[in-house]
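Visitor: turn this into a model:
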Amino acid sequence: MIKLETERLIIRNFKSDDWKDIAVIAMDYEQSEYAIYDHGPWPSNQEEYKGIAEWFAKGDDFAAILLKEEEKLIGWIAKGKIENKENAYNLGYIFHSSFHGKGYASESCKAIIKYIFEELQADEIITGTGKLNIPSNKLLKRLGFSKTGETKQAFRKDGKGNPIEFVGVDYRLSRDEWQEQI
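Guide: Just a heads-up that it's a prediction; the model follows:
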């Protein structure tokens with residue numbers, strides 16, 4: 001069970017009744033230039049969002065990020081154990097565009113990284129983003145992640161069914177690197 005607080009945020013497990021906020025954030029994300037760097041597209045009907053909310057609420061892999069004062073859901077962080085690597089976790093995040101550039105992603109990711117290393121006893125966290133997703137690359141570097149490589153990827157297809165290829169940047173943060181920062 002995830003229940004964390006930062007100066008401005010509440011980080012908690014999802015509830016099944018968060019589906020409306022998930023839909024708003026996902027549809028906002030779908031309109032962004034960064035959507036091609038992620039699996040998708042997101043669904044377009046409320047029943048599917050109800051199902052997503054129930055799935056998010058089943059475990060600790062998805063953390064809801066809420067503004068503390070308003071208890072408004074502004075995004076989420078996904079963290080999952082990597083199956084083929086011992087003691088390694090993956091990290092991903094999505095925030096509504098109205099809350100970009102305000103430090104919320106940095107603040108919440110720091111709390112989740114601390115949780116992964118201290119509570120889950122991970123040895124490393126692995127993540128990635130599109131090379132042209134400058135804000136996400138800057139965030140990962142600020143958080144202490146080191147670039148480990150680049151790969152050509154394609155998660156979506158264009159209107160003709162052709163893969164939309166992009167260069168992805170892979171990042172890694174070890175427990176030792178993280179401890180040097182704190």
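
Visitor: which one's the longest helix in the protein?
Guide: Ordering each helix of the chain by length in residues (DSSP state H) puts helix 104-118 first.

Visitor: pLDDT value on the residue nearest to the spatial centre of the chain, please?
Guide: The centroid of the chain falls nearest to Y93 when counting by Cα atoms, centre = their mean (1.5 Å). We have a pLDDT of 97 for Y93.

Visitor: what sits up against stretch 125-144?
Guide: 34, 36-37, 79, 82, 85, 88-92, 100-101, 105-106, 109-110, 113, 116-117, 145, 150, 166-173, 177-178, 181 (Cβ atoms under 8 Å, 6 or more residues apart in numbering). All C-beta atoms are positioned from the backbone trio N, CA, C, and that covers glycine.

Visitor: if we go by neighbour counts, what in that stretch is buried?
Guide: 125-131, 133, 136-137, 139-140, 143-144 (16 or more other Cβ atoms under 10 Å).

Visitor: for K131, phi and psi?
Guide: Torsion angles at K131 (phi, psi; degrees, to the nearest 10) stand at phi -60, psi -30.

Visitor: any idea how far it is from L143?
Guide: Going from K131 to L143 by Cβ to Cβ, to the nearest Å gives 17 Å.
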